[in-house]
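1. Predicted coordinates and the sequence they were generated for:
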Amino acid sequence: MKNNIHERNSTRLVASTAISGIGTWSYNVGIAVYAFNETHSSTWVALATVGRYMPALFLTQVFVRYADRLPRKLVSVQGDVICAVLMLVLTVIAAFHLSIILAIAIAALSSSVSRVQSGATQALAGDVIPERSLARTATAMSSAESVATALGPAIASIVIALSGPIAVFALNGLSFTLSAVLISGLVGESGSQIGPSSTKVRAAANDNATREVYRTVRPLLVIRGVCAFLYGCDVVVLAVVATEKLSQGTTAYGWLLASAGVGGLAVAWLINKRSEPARSGSIPFGVALYAGPLLLFIFASNLVAAIPIQVVRGMGCVLASGVVISVLQRSVPSALAGKVLTNGHSIAMIGTSLGAIAAPILLGLFGLPTTLTVVTIAALAATAVVTPKLMVADRAAAQLIESVDPRVSLLRSLDLFESASRSTLHQLAENLVESQVATGVDIIVEGDRADALHIIVDGSVDISHGQHPNRIHVRDLSAPVYVGEIGLLHSVPRTATVTTATACTIWTIPAAVFLEGIMNAGVSNALSDGISLRMKSSQFVGN
């Protein structure tokens with residue numbers, strides 16, 4: 001039953017990411033075309049991008065401080081609803097040809113809220129998806145965003161050709177509404193960050209752990225910015241390529257974006273076909289595919305020649321940005337996931353704004369060939385600087401998760417918590433009590449009430465039945481191992497005695513905390529099989 005819930009949670013998260021992403025990427029094209037149609041100026045196209053992103057940088061940091069205190073599910077749903085309302089307002093502004101400055105202001109507010117919402121949704125996976133399935137879900141969400149990056153502009157070009165950019169704004173509002181419905185159906189989250197009792201972990205996350213996290217993921221965030229910079233340049237440069245070099249107007253602009261979508265879809269399909277998540281070492285290759293072919297536009301003279309260029313570039317964009325997001329989702333500790341992923345969106349806004357600012361300046365000063373050359377070199381140079389770190393980013397991320405709280409790593413290794421999410425593991429880790437116990441101490445006595453789970457971290461214990469002097473030795477257990485779970489799960493008194501055979505380090509988890517964690521995670525298949533075997537053989541371990 002719990003596995004079905006986890007699968008439904010995963011499906012809802014992936015679907016929400018895809019639907020919301022398609023709307024957002026369609027909208028990115030729509031706002032650029034709307035600005036161009038209203039003003040017939042590439043400068044206003046750049047202003048429409050910068051004007052909604054730069055204010056959003058400040059507003060996002062304000063919003064995330066507030067949102068960080070609330071349950072991620074609530075933040076995600078409310079963010080979707082607010083964005084849907086803002087898209088309705090923008091649709092009215094565009095329909096009545098009101099001030100483009102007002103349109104940009106509404107777009108800036110929507111961008112701010114959507115960045116916080118998207119960060120919360122990506123981090124939410126750690127709260128509702130079991131650890132063993134998190135990498136697969138993260139990859140699926142990343143692929144969904146990649147598909148959206150590719151499919152959104154393609155849909156936008158078709159909608160714009162049929163109805164104009166106003167319909168794209170309405171489509172984006174609908175996507176936010178559908179995303180809110182999907183997220184509201186998630187089951188299993190137990191708190192605003194990692195559970196209801198998260199004070200200690202948050203305090204740690206705000207100090208040394210935060211610095212260590214950002215040091216580890218910095219190369220990934222740099223690539224996030226590089227890809228966004230290239231996209232910001234594309235918004236302006238491709239409009240010039242389509243209207244001036246290819247002489248085919250905004251229709252060609254849409255086809256160029258749609259061509260990138262075709263390449264992106266191909267790579268997203270390949271990523272989904274992999275049995276393992278893509279590794280960070282593939283990121284530099286993706287950036288090279290995204291940036292390098294820009295130079296070929298110097299020689300392209302018609303749309304037939306330009307489309308294959310964009311197909312290859314779309315493949316590179318999805319490969320680079322998709323892997324970055326996937327690695328971030330898998331590697332950032334749960335307590336920091338919302339903040340880090342939201343800041344990643346802020347970096348993307350900075351990169352997009354810088355690209356949209358730099359492109360018209362370079363075009364005005366040097367022309368198209370030099371602009372394409374400078375943009376390509378800048379992107380490849382930035383990637384080359386962080387490539388050595390990217391090649392070992394997966395190993396560094398795994399070490400980071402363990403270093404933030406080693407207790408979580410040990411809990412994760414036990415079959416008892418095979419189905420637990422990150423939030424459940426952190427909640428258990430925060431509430432356990434560690435003790436050093438000498439040799440020969442009874443930590444569980446037969447007949448007593450089952451009031452806690454005990455995890456033997458170091459040392460060994462002796463399992464026996466009966467009372468002194470007629471105790472019957474059953475077996476020995478060595479760390480790491482847990483005892484006392486059956487009495488808690490079946491609400492029966494202890495049916496065996498557990499005695500330390502050596503000096504032991506023991507973690508004790510209160511019954512209420514353990515049962516809440518099991519309720520959220522479900523009883524794993526491994527644990528269920530183990531309990532059945534023990535009951536059949538009457539070798540109850542610490543019940």
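-> The structure has been received and is ready for your questions.
2. Give me the residues contacting stretch 338-352.
-> 49, 53-54, 56-57, 60-61, 64, 67-68, 72, 75, 111, 115-116, 118-120, 122-123, 193, 213-214, 217, 220-221, 224-229, 231-232, 235, 325, 328-329, 332 (CB atoms under 8 Å, 6 or more residues apart in numbering). C-beta here means a position set from N, CA and C on the backbone, and glycine is covered the same way.
3. residues in contact with residue 454?
-> 443-444, 482-484, 498, 506-509, 542.
4. same thing but 6 Å
-> 443, 483-484, 506, 508 (CB atoms under 6 Å, 6 or more residues apart in numbering).
5. That one: helix or strand, and which one exactly?
-> Assessed by DSSP states H and E, residue 454 sits inside strand 452-458.
6. Okay, buried residues for that strand please.
-> By neighbour count on 16 or more other CB atoms under 10 Å, the buried set for strand 452-458 is 452-457.
7. same question, stretch 86-101
-> Neighbour counts over stretch 86-101 (16+ other CB under 10 Å) mark 86-91, 93-94, 100 as buried.
8. Low-confidence bits of the stretch 151-300 of the chain, can you list those?
-> Across the stretch 151-300 of the chain, the ranges flagged by pLDDT under 70 are 188-209, 250, 271-278.
9. what ranges do the helices span in it?
-> 165-184, 199-205, 208-240, 249-273, 283-291 (DSSP state H, counting those that start in this stretch).
10. Go ahead and measure how far the longest one is from the middle of the chain.
-> Right, helix 208-240. With CA atoms, centre = their mean, to the nearest Å as the basis, helix 208-240 stands 15 Å off its chain's centre.
11. Equivalent analysis for stretch 417-426, please.
-> On CA atoms, centre = their mean, the centre of stretch 417-426 falls 17 Å from the chain's centre.
12. rewinding a little: tabulate the helices of the stretch 151-300 of the chain (JSON lines), appending distance to residue 342 and mean neighbour count.
-> Formatted as JSON lines, the helices of the stretch 151-300 of the chain follow (distance: least, CB to CB, whole Å; neighbours: other CB atoms under 10 Å):
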{"stretch": "helix 165-184", "distance to residue 342": "16", "mean neighbour count": "23"}
{"stretch": "helix 199-205", "distance to residue 342": "14", "mean neighbour count": "17"}
{"stretch": "helix 208-240", "distance to residue 342": "12", "mean neighbour count": "22"}
{"stretch": "helix 249-273", "distance to residue 342": "23", "mean neighbour count": "21"}
{"stretch": "helix 283-291", "distance to residue 342": "21", "mean neighbour count": "23"}
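13. Go through these and name the closest to residue 156.
-> helix 165-184 (5.3 Å; CB to CB).
14. Run through the neighbouring helices and strands of the closest one.
-> Counting contacts by 3 or more CB pairs under 6 Å, 6 or more residues apart in numbering; DSSP states H and E, helix 165-184 is packed against helix 2-39, helix 72-95, helix 131-162.
15. What lies in contact with it?
-> 12, 15-16, 19-20, 23, 26-27, 30, 33-34, 76-77, 80-81, 83-84, 87-88, 90-91, 94-95, 156, 159.
16. In PyMOL, how would I select the buried members of those?
-> Of the contacts of helix 165-184, the buried ones go into a single PyMOL selection, burial set by 16+ other CB under 10 Å:
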select buried, resi 12+15+16+19+20+23+26+27+30+33+34+76+77+80+81+83+84+87+88+90+91+94+156+159
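17. Quick one: closest of the helices of the stretch 151-300 of the chain to residue 372.
-> Comparison of those against residue 372 by CB to CB identifies helix 208-240 as nearest, at 7.0 Å.
18. Which other helices and strands does that closest one contact?
-> Secondary-structure packing of helix 208-240 (3+ CB pairs under 6 Å, 6+ apart): helix 42-67, helix 249-273, helix 283-291, helix 303-331, helix 334-366, helix 368-390, helix 393-404.
19. Retrieve the pLDDT associated with residue 95.
-> You'll see residue 95 listed with a pLDDT of 90.
20. Now do it against residue 261, distance only.
-> 27 Å (CB to CB, to the nearest Å).
21. Name the nearest residue to residue 493, ignoring sequence neighbours.
-> Sequence neighbours aside, residue 447 is the residue nearest to residue 493 in space, at 5.4 Å (criterion: CB to CB, 6 or more residues apart in numbering).
22. what about that neighbour, how many neighbours?
-> 10 (other CB atoms under 10 Å).
23. just checking, it is part of a strand?
-> No: read with DSSP: H, G, I helix; E, B strand; the rest coil, residue 447 is coil and lies in no strand.
24. and it, what are its phi and psi?
-> When read as degrees, to the nearest 10, the backbone of residue 447 gives phi 100, psi -20.
25. correct me, but it touches residue 492?
-> No: using CB atoms under 6 Å, residue 447 is not in contact with residue 492; the gap is 10.5 Å.
26. about what we covered before: what's the closest of the buried residues of stretch 86-101 to residue 281?
-> In terms of CB to CB, no member of the buried residues of stretch 86-101 lies closer to residue 281 than residue 87, at 38.7 Å.
27. From residue 235, how far off is the closest residue to the closest one other than its chain neighbours?
-> Distance criterion CB to CB, 6+ apart; nearest residue to residue 87, sequence neighbours excluded, is residue 173 at 3.2 Å. Per CB to CB, residue 173 is found 21 Å from residue 235.
28. where does the stretch 301-450 of the chain have low pLDDT?
-> Applying pLDDT under 70 to the stretch 301-450 of the chain flags the ranges 330, 333-335, 397-398, 400-405, 423.
29. that older thread, after the strand holding residue 454, which helix or strand is next?
-> The C-terminal neighbour of strand 452-458 among helices and strands, as given by DSSP H and E, is strand 460-465.
30. Which stretches in the stretch 401-543 of the chain count as strands?
-> If DSSP state E, counting those that start in this stretch is used as the criterion, the strands of the stretch 401-543 of the chain fall at 433-437, 442-444, 452-458, 460-465, 472-478, 481-483, 497-500, 504-510.
31. Contact partners for the most centrally placed residue in the chain?
-> The centroid of the chain falls nearest to residue 122 when counting by CA atoms, centre = their mean (3.3 Å). Residue 122 sits next to 329, 341 when contact means CB under 6 Å, 6+ apart.
32. Just the mean pLDDT for the helix or strand hosting it, thanks.
-> Using DSSP H and E, residue 122 sits in helix 100-128. Helix 100-128 comes out with an average pLDDT of 82.
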